[in-house]
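1. Sequence unavailable; structure follows:
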């Protein structure tokens, strides 16, 4: 669906498609942004589509105009929409979207994510994470290793089928990025962690993980602990590649 027409007979009521749960303040704003974000990421509102006006939208969603405006500010800050006087609010081209924002990643995976988008996330990880693991092997300290070991232990105990296990997986990857002592790489920790989390959940939607990924993580940790940058780079490259293969299997070979 390209957008929302001005006449009600051309589209089902907006509230039937993106109705947000009632609430107050930040929670309500977040719920509205989530609903509209998912609609945009899923293609229901395509790039270039002009959204209905503030009054129509707020009435359809049964929320205050101020809550709706705040939600649109959230979407605007993430590059999804742009509001202009008299021109209204328009969905921006995809290349303007902040696709590495953790919220945007969550919205993308709330539905059926685009195959190319998933592939692009793994390509990013394949570029960033092996190099980060090599730097971490050279620069890590005992505190970094403790975080990684604790995270790996939690992953092993709770498994990646649980939220606790997936949170530990994020902690593991984040600890490696922080151990690089590179501020630019550390900034990516939230995005990389979110990508790891959502692709792992996606792989398990229809079936259990096809194999146990814990040994792959352990090899990365062992190489970093040994200060072997080359081995850490290779181990992380294999980890990401195997994760991509698992995801392809979950997508039916896509």
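-> Received it, and whenever you're ready, just let me know what you need. The structure presented is a predicted model; accordingly, all values stated were derived computationally and were not measured. Numbering: from 1, shown residues only.

2. Which segments of the protein make up each domain?
-> Annotated domains of the chain cover 8-96, 115-250 [automatic domain parsing].

3. so which of those domains comes closest to residue 105?
-> domain 115-250 (4.5 Å; Cβ to Cβ). Glycine gets a C-beta too; all of them are placed from N, C-alpha and C.

4. thinking again about what came up before, could you save the domains of the chain as TSV and add columns showing distance to residue 106, mean pLDDT and mean neighbour count?
-> Shown next, in TSV, are the domains of the chain (distance: least, Cβ to Cβ, whole Å; pLDDT from 0 to 100; neighbours: other Cβ atoms under 10 Å):
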stretch	distance to residue 106	mean pLDDT	mean neighbour count
domain 8-96	8	80	16
domain 115-250	7	92	18
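
5. Could you point out the longest helix of this structure?
-> Ordering each helix of the chain by length in residues (DSSP state H) puts helix 115-139 first.

6. Show me what the next helix-or-strand element following it packs onto, helices and strands only.
-> Once helix 115-139 ends, the next helix or strand along the chain (criterion: DSSP states H and E) is helix 142-158. Counting contacts by 3 or more Cβ pairs under 8 Å, 6 or more residues apart in numbering; DSSP states H and E, helix 142-158 packs against helix 163-179, helix 214-225.

7. ok so, going back, can you say which of the domains of the chain is nearest to residue 108?
-> Residue 108 lies closest to domain 8-96 among these, at 4.7 Å (Cβ to Cβ).

8. for the residue lying closest to residue 180 once chain neighbours are set aside, what are its contacts?
-> Leaving out its chain neighbours, the residue that sits closest to residue 180 by Cβ to Cβ, 6 or more residues apart in numbering is residue 135, at 4.0 Å. Residues in contact with residue 135 (Cβ atoms under 8 Å, 6 or more residues apart in numbering) are 179-182, 185, 229.

9. just those now: which is nearest residue 164?
-> Nearest member of these to residue 164, counting by Cβ to Cβ, is residue 179, at 22.5 Å.

10. and the gap between that closest one and residue 44?
-> Going from residue 179 to residue 44 by Cβ to Cβ, to the nearest Å gives 41 Å.

11. and what of residue 125?
-> In terms of Cβ to Cβ, residue 125 sits 28 Å off from residue 44.

12. And the contacts of stretch 159-175?
-> With Cβ under 8 Å, 6+ apart, stretch 159-175 has contacts from 129, 144, 147-148, 150-152, 154-155, 157-158, 189-190, 192-194, 196-197, 200-201, 204, 208-209, 213, 217, 221.

13. again, 6 Å this time
-> Stretch 159-175 is touched from outside by 144, 147-148, 151, 154-155, 158, 189, 192-193, 196-197, 200, with contacts defined as Cβ atoms under 6 Å, 6 or more residues apart in numbering.

14. and which of these is nearest residue 241?
-> residue 196 (14.2 Å).

15. now the helix or strand hosting the closest one, how far from the chain's geometric center?
-> Using DSSP H and E, residue 196 maps to helix 189-203. Remark: helix 189-203 is offset 6 Å from the chain centroid, using Cα atoms, centre = their mean, to the nearest Å.

16. so what does that helix touch, helix or strand wise?
-> Contact here means 3 or more Cβ pairs under 6 Å, 6 or more residues apart in numbering; DSSP states H and E; on that basis helix 189-203 packs against helix 102-110, helix 163-179, helix 229-250.

17. Out of the ones you listed, flag the one nearest residue 68.
-> Shortest separation from residue 68 across the helices and strands packed on helix 189-203 is recorded for helix 102-110, at 17.3 Å, computed as Cβ to Cβ.
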